[in-house]
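Engineer: Quick one, structure for this:
(one chain, ligands or ions: 1)
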Amino acid sequence: MRKKIVAGNWKMNNDLNEGLKLTSEIVGMVNDEVTDDVSVVIAAPFIHLTKVGDMLRGSDKLFLAAQNCSEHASGAFTGEISAPMLKSIQTDYVIIGHSERREYFKETNAQLGKKVDILLNHQLRPIFCCGESLEVREAETHVEFVCQQLTESLFHLEAESFKDVVLAYEPIWAIGTGRTASAQQAQDMHAAIRNHIANKFGQEIADNLTILYGGSCKPGNAPELFSQPDVDGGLIGGASLKSRDFVDIVKSY
Ligand code: PGA
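Structural biologist: The predicted structure is shown next:
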């Protein structure tokens, strides 16, 4: 059975006190209310990670994620955070290749491939983001575009290490816009992604791969999105900043 994951991506929001308050509310609600077999991941800003991680430990449902990491292990890269550093504070997952990083920080498919490598080498699990712009969607080349992102960043991996990768399909036109992909659009793309992975790594790995949907996911639309056969959870931005909304999304399964 595929692992179900709902991950909250706080992006650059919340100071430390606000982040710890939000974490405390989420931990309480998850412990009291979440009975299903769902992994709940919190992707907090770097400076929050140690303290947020301390609050998550002790629950087998809650996991800690970073939002990025360097493709280098150490050295003269002022301002960067490395995979070994994240491992040393018991981070579980790291979001890689979010469209905001691709767009504002010019991250390329080749560079993201290196980030995935260094994470896997340090037993950290990448949540690898892919997704097309509105322009690409309107040109109806979205399947080719997303498959190319996956090919260029992930197809050098061994099948064995691919087992630790989680994918997140996030159409850029749906991120923070209030415009969600329809459940059918999400399902169609997730099925195409799974098929692309099966062609390279085999059906068994593709069948076990967790593929999250992200983009204006809310308590109101999560049940329909999550009921699609190839949608295995969500990567939640705006709605993850409100504990009630986030946990209601988690409970949509
Ligand atoms: P959103 O963001 O839920 O605010 O659309 C999703 C994401 O960027 O991961």
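Engineer: can we go C-alpha only for contacts and neighbour counts from here?
Structural biologist: Noted.
Engineer: measure residue 250 to residue 142 for me?
Structural biologist: 28 Å (Cα to Cα, to the nearest Å).
Engineer: For the two, indicate the residue with more neighbours.
Structural biologist: With other Cα atoms under 10 Å as the criterion, residue 250 and residue 142 differ in neighbour count, and residue 250 comes out ahead with 28 against 19.
Engineer: Please name the bridge partners of the closest residue to that one other than its chain neighbours.
Structural biologist: Taking Cα to Cα, 6 or more residues apart in numbering, and ignoring the residues beside it in sequence, residue 250 has residue 6 as its nearest neighbour in space, at 6.0 Å. According to DSSP bridges, residue 40, residue 234 are recorded as the beta-bridge partners of residue 6.
Engineer: per-residue confidence for residue 6?
Structural biologist: Model confidence at residue 6, expressed as pLDDT, equals 98.
Engineer: Who are the contact partners of it?
Structural biologist: With contacts defined as Cα atoms under 8 Å, 6 or more residues apart in numbering, the neighbours of residue 6 are 38, 39, 40, 41, 212, 233, 234, 235, 236, 249, 250.
Engineer: Test my guess that the second one contacts residue 61.
Structural biologist: Yes. With contacts defined as Cα atoms under 8 Å, residue 39 counts as touching residue 61 at a distance of 4.9 Å.
Engineer: Spell out which residues of the chain are next to the ligand.
Structural biologist: By Cα under 6 Å from any ligand atom, the residues of the chain that approach the ligand are 9, 174, 175, 176, 214, 215, 216, 217, 235, 236, 237, 238.
Engineer: show me the residues around residue 5 that make contact.
Structural biologist: With contact taken as Cα under 8 Å, 6+ apart, residue 5 is in contact with 38, 39, 40, 41, 210, 212, 232, 233, 234.
Engineer: cool, and residue 247?
Structural biologist: When the contact criterion is Cα under 8 Å, 6+ apart, the partners of residue 247 are 26, 29, 30.
Engineer: For it, give its distance to the ligand.
Structural biologist: Taken as Cα to the nearest ligand atom, to the nearest Å, the spacing of residue 247 relative to the ligand amounts to 14 Å.
Engineer: can you give me phi and psi for that residue?
Structural biologist: Its backbone dihedrals place residue 247 at phi -70, psi -30, with angles given as degrees, to the nearest 10.
Engineer: how long is stretch 53-70 end to end?
Structural biologist: The separation between the terminal residues of stretch 53-70, taken as Cα to Cα, is 20 Å.
Engineer: Next, the buried residues of it.
Structural biologist: 53, 55-56, 61-70 (16 or more other Cα atoms under 10 Å).
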